[in-house]
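K.L.:
Give the three-dimensional model of this entry:
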Amino acid sequence: QVQLIESGGGLVQAGGSLRLSCAASGRALSAFYMGWFRQAPGKEREFVGVISRGGGSTSAADSVKGRFTISRDNTKNTMYLQMNSAKPEDTAVYYCAAVTSCSGVGCYDVKTYESWGQGTQVTVSS
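P.N.:
Predicted coordinates for the structure are as follows:
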């Protein structure tokens, strides 16, 4: 099991930028595919993006493609989500999650992931 802690959330104006971090402990981050998810009030948790173990492959939801970038630094046991051109509809609690392996659409599914952080709130004002 790996423990995950998100940080970097806060209030940002529409069009602004924010960088979220997800720090891992207990096991090496390099053993896991890592995902970002978000959950807005009254809505289900939804996929934002995923990054492969080595960071060479990423995939993002259409709603954030071209605006959000996922990266990782396995030497620091940390994953990042760079949010640019933020929109009010990006307002949500953002969660990072880890899974030892996933493929295809399975990487987009909440149920696939084995470990979760506690979440960090992102609020985008209009």
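K.L.:
Check the secondary structure at Cys107 for me.
P.N.:
helix (DSSP: H, G, I helix; E, B strand; the rest coil).
K.L.:
Determine the number of other residues adjacent to it.
P.N.:
21 (other C-beta atoms under 10 Å). All C-beta atoms are positioned from the backbone trio N, CA, C, and that covers glycine.
K.L.:
Next, the contact list for it, please.
P.N.:
If a contact means C-beta atoms under 8 Å, 6 or more residues apart in numbering, then Cys107 has Tyr33, Gly35, Val50, Ser59, Val99 as its contacts.
K.L.:
Compare those residues and tell me which is most surrounded.
P.N.:
For the contacts of Cys107, counting by other C-beta under 10 Å, the largest number of neighbours falls to Gly35: 27 neighbours.
K.L.:
Would you agree that residue is in contact with Tyr94?
P.N.:
No - with contact defined as C-beta atoms under 8 Å, Gly35 does not reach Tyr94; the gap is 10.9 Å.
K.L.:
So which of the contacts of Cys107 sit within helices?
P.N.:
Among the contacts of Cys107, no residue falls in helices (DSSP state H).
K.L.:
From those, pick the one nearest Ser85.
P.N.:
Comparing the contacts of Cys107 against Ser85 with C-beta to C-beta places Ser59 closest, at 19.0 Å.
K.L.:
Farthest-apart pair in the contacts of Cys107, please.
P.N.:
So, these by C-beta to C-beta: farthest apart are Ser59 and Val99, at 13.6 Å.
K.L.:
Spatially, what comes nearest to the residue nearest to the spatial centre of the chain if we skip its sequence neighbours?
P.N.:
The centroid of the chain falls nearest to Trp36 when counting by C-alpha atoms, centre = their mean (2.1 Å). The shortest distance from Trp36 to any non-neighbouring residue, by C-beta to C-beta, 6 or more residues apart in numbering, is to Val48 (4.1 Å).
K.L.:
what is the mean pLDDT for the host helix or strand of that neighbour?
P.N.:
Secondary structure from DSSP states H and E places Val48 in strand 46-51. For strand 46-51, mean pLDDT is 98.
K.L.:
No more questions from me, cheers.
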